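Undergrad: sharing a sequence plus its predicted fold:
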Amino acid sequence: MTAAYAVHGDVAVISLNNPPVNGLGLATRQGIADGLAKANADGAVRAIVLTGAGKAFSGGADIKEFGSPKALQEPNLLSVILAVENSAKPVVAAIHSVCMGGGLELALGCHYRIAAPGCAVALPEVKLGLVPGAGGTQRLPRVLGVEAALNMIVSGEPVKSEFIAAVPGQKLFDKMAASPESLAEEALAYARSVADARPLPLVRNLPCKHPKGDAYFQFARNMVKGMAKNFPAPAKCVDTVEAATKQKFDAGMAAEREAFIHLMWTPESRALRHLFVSERAASKIPDVPEDTPQRAIQAVAVIGAGTMGGGIAMNFLNAGIPVTMLEMKQEALDRGVATIRKNYEAQVKKGKLKQDKYEQRMAQLTTTLSYADLGAADLVIEAVFEELGVKEQVFKQLDAVMKPGAILASNTSTLDVDKIAAFTQRPQDVVGLHFFSPANVMKLLEVVRGAKTGKDVLATVMTVSKKIKKTAVVSGVCDGFIGNRMVEQYGRQGGFLLDEGCTPEQVDKAIEKFGFAMGPFRMGDLAGNDIGWAIRKRRSVEKPGMKYSKTADLLCERGRFGQKTGAGWYDYQAGKRDAIPNAEVVKMIEEHRKSLGITPRKISDEEIVQRLVFALVNEGAHILEEGIANKASDIDVVYIFGYGFPVHRGGPMLYADQVGLFNVVQAMQRFAQNPLDDAAFWQPAPLLARLAAEGKTFN
């Protein structure tokens with residue numbers, strides 16, 4: 001039953017009942033329409049209350065129906081809102097907890113609205129690359145005023161009901177309930193008080209004007225253009241709200257509908273909707289049922305107080321979970337605590353954190369020089385030097401001191417989690433938790449599942465990741481897991497492009513124009529070029545046949561490790577992040593090219609982008625084939641949240657789908673002909689070749 005119907009004396013109550021947020025799926029829409037018909041046909045009923053059961057009024061469209069025929073099937077949301085407006089008896093929306101998207105549009109179609117305090121109200125469609133599609137851009141300006149409504153629509157951010165109620169002249173809420181608990185009773189009383197009022201008020205009949213219309217909308221367009229350059233939806237929001245001020249209601253509705261349908265088919269909206277669904281799907285692990293019992297995590301230990309360890313500790317302190325941090329030397333501990341303090345103080349200064357909250361968080365942090373003090377923690381995460389021998393010492397110590405049932409996690413970015421687990425007597429309790437730097441800021445968490453990692457351990461860390469506001473993606477064990485294994489191929493192509501005629505600046509500019517946050521060479525400077533150097537030295541022993549450009553090694557031999565040394569592929573000035581091209585580095589690349597007997601050629605931005613991005617795609621296809629990633633969308637989530645892949649392109653695998661896998665394979669076959677590239681790498685992964693041949697996609 002997705003919409004319940006009950007009669008309280010002379011008032012009928014229709015309650016949306018489609019948990020968790022009463023999404024407006026087909027059955028729910030049908031239930032509302034049936035309830036309205038029933039109430040209007042019952043002579044004893046004088047008024048109708050429309051509300052939501054459980055924890056929401058309604059969160060809007062049902063994401064389970066996204067892209068399916070059910071989403072548009074009649075009665076669609078527009079038809080339901082029309083039925084509400086045409087009800088011969090007054091319909092009162094009783095709004096609480098969450099009222100967003102189609103839920104708010106439905107409420108705006110009701111004759112009256114009563115709201116509980118603390119309700120989050122929003123039209124978040126812009127976050128999916130869309131405009132509201134059921135009258136939101138036409139009705140909200142009529143009840144809130146043009147500027148306040150446009151701000152809400154363009155940002156997509158929720159606003160609390162009591163804040164809206166305080167806006168002078170607002171007509172969104174006719175009444176505020178005293179509390180969420182009293183809403184139901186107050187809504188019944190309010191419905192009785194308006195039962196005989198006629199004519200029934202309709203939002204669509206309210207005036208909608210802006211005193212300086214043309215100038216205001218021009219200003220709004222300029223603002224939006226600056227903030228959302230890769231996304232067409234915010235500009236369309238401005239257009240549709242402007243239509244509300246200049247056209248009759250029905251014409252404005254038609255303009256909104258046209259904008260909605262146009263945006264639905266844009267690659268940007270497809271990318272945002274894909275990400276929205278993928279982020280939620282990432283937490284589902286095929287063989288770990290939702291009801292898997294979990295371990296309680298009430299105290300955490302972190303080993304290492306460096307940049308990584310401190311950042312990891314902050315995530316748990318922010319979530320109110322006590323942390324014990326261990327180091328070998330007191331001065332290292334003091335440095336680590338000082339950095340955490342500095343980070344929090346910067347937030348306090350910017351007004352992002354209240355002083356008492358800051359003090360509360362620091363009070364939850366304890367430090368120690370002894371492993372014996374960690375024994376009571378439910379979860380311990382090591383963030384020590386990335387070397388197997390060092391990890392072995394740490395895990396043998398942890399095995400000796402940690403209580404039974406504690407989860408032992410490694411923040412390794414490339415090492416074999418199964419080998420690490422084998423250093424203990426409890427491999428079922430060992431898992432990889434690969435945080436990305438800076439760990440207190442970056443959203444991505446790669447959860448590395450060892451061969452023996454317990455299902456309850458996986459279920460527990462996935463829940464904990466939500467608590468510390470991370471987007472967790474499960475990876476199997478392989479060198480570099482999902483993200484770093486793919487980025488190695490991306491970086492290798494960057495090196496070959498230097499050998500063939502590019503400068504670091506040209507490669508970075510091309511990929512940044514495509515939408516990446518930074519190109520491979522600026523990224524190397526930020527991460528530290530010595531890290532890649534260490535990996536290549538390890539590779540030369542483990543995979544002696546693997547081909548690399550020598551330029552990065554030559555750079556490291558000069559001590560140019562990146563931002564931390566003030567010099568890498570670029571030069572850096574103290575306290576600034578600007579990458580300044582360096583003539584000596586360009587000369588070094590040219591001399592190396594000469595020593596190989598290569599004549600440089602002019603390389604187009606298109607070739608640069610395709611080689612870098614399709615290298616990610618091909619390696620991603622291998623990762624899928626080997627079962628390292630559960631699904632293509634997991635790889636997209638890793639790349640958007642961990643590697644600065646352009647959001648408006650939806651991740652490497654979705655981007656390949658949009659280009660067409662046939663076209664990707666054709667390009668790879670061209671690259672394989674290049675004698676200076678790695679022909680073996682450009683053989684399409686079997687999965688990619690198969691999907692392309694069958695005309696299918698990854699997602």
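TA: Cool, the structure landed.

Undergrad: now Ile312, what's its secondary structure?
TA: helix (DSSP: H, G, I helix; E, B strand; the rest coil).

Undergrad: return the list of helices and strands in contact with the helix or strand harbouring Ile153.
TA: Mapping Ile153 onto the secondary structure by DSSP states H and E places it in helix 146-155. Applying 3 or more Cβ pairs under 8 Å, 6 or more residues apart in numbering; DSSP states H and E, we find helix 146-155 packed against helix 136-144, helix 213-227, helix 233-246. C-beta: built from backbone N, CA, C; applies to glycine.

Undergrad: for that helix, the averaged confidence score.
TA: The predicted model assigns helix 146-155 a mean pLDDT of 97.

Undergrad: any residues touching that helix, and which ones?
TA: Residues outside helix 146-155 that contact it (Cβ atoms under 8 Å, 6 or more residues apart in numbering) are 122-123, 126, 131-132, 136-137, 140-141, 143-144, 159, 167, 170, 208-210, 216, 220, 224, 234, 237-238, 241, 244-245.

Undergrad: put the buried members of those residues into a PyMOL selection.
TA: What follows is the PyMOL syntax for the buried subset of the contacts of helix 146-155, where burial is set by 16 or more other Cβ atoms under 10 Å:
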select buried, resi 122+123+126+131+132+136+137+140+141+143+144+159+208+210+216+220+224+234+237+238+241+244+245
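
Undergrad: of all the helices and strands packed on helix 146-155, which one comes closest to Gln360?
TA: Closest to Gln360 of the helices and strands packed on helix 146-155, according to Cβ to Cβ: helix 213-227, at 33.9 Å.

Undergrad: how many other residues sit next to the nearest residue to Arg335 once chain neighbours are set aside?
TA: Setting aside the residues directly before and after it, Arg335 is nearest to Ala305 in space (Cβ to Cβ, 6 or more residues apart in numbering), at 6.9 Å. Other residues near Ala305 number 25, with proximity taken as other Cβ atoms under 10 Å.

Undergrad: so which elements touch the one helix or strand Gln489 maps to?
TA: Of the helices and strands defined by DSSP H and E, Gln489 is found in helix 483-500. With contacts defined as 3+ Cβ pairs under 8 Å, 6+ apart, the secondary structure elements packing on helix 483-500 are helix 504-514, helix 520-527, helix 551-557, helix 583-595, helix 605-625, helix 632-642.

Undergrad: alpha carbons only: can I get it in CSV?
TA: Taking C-alpha atoms only, helix 483-500 is exported to CSV below (Å, rounded to 0.1, in the frame of the first residue of the first chain):
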residue,chain,number,x,y,z
GLY,A,483,42.3,3.9,-8.8
ASN,A,484,46.0,3.7,-8.8
ARG,A,485,46.2,0.7,-11.1
MET,A,486,44.3,2.7,-13.7
VAL,A,487,46.2,6.0,-13.1
GLU,A,488,49.5,4.2,-13.8
GLN,A,489,48.4,3.7,-17.4
TYR,A,490,47.2,7.3,-17.6
GLY,A,491,50.6,8.5,-16.3
ARG,A,492,52.5,6.1,-18.7
GLN,A,493,50.7,7.7,-21.7
GLY,A,494,51.6,11.1,-20.3
GLY,A,495,55.3,10.1,-20.4
PHE,A,496,55.1,8.7,-24.0
LEU,A,497,53.5,12.0,-25.1
LEU,A,498,56.5,13.9,-23.7
ASP,A,499,58.9,11.6,-25.7
GLU,A,500,56.9,12.2,-28.9
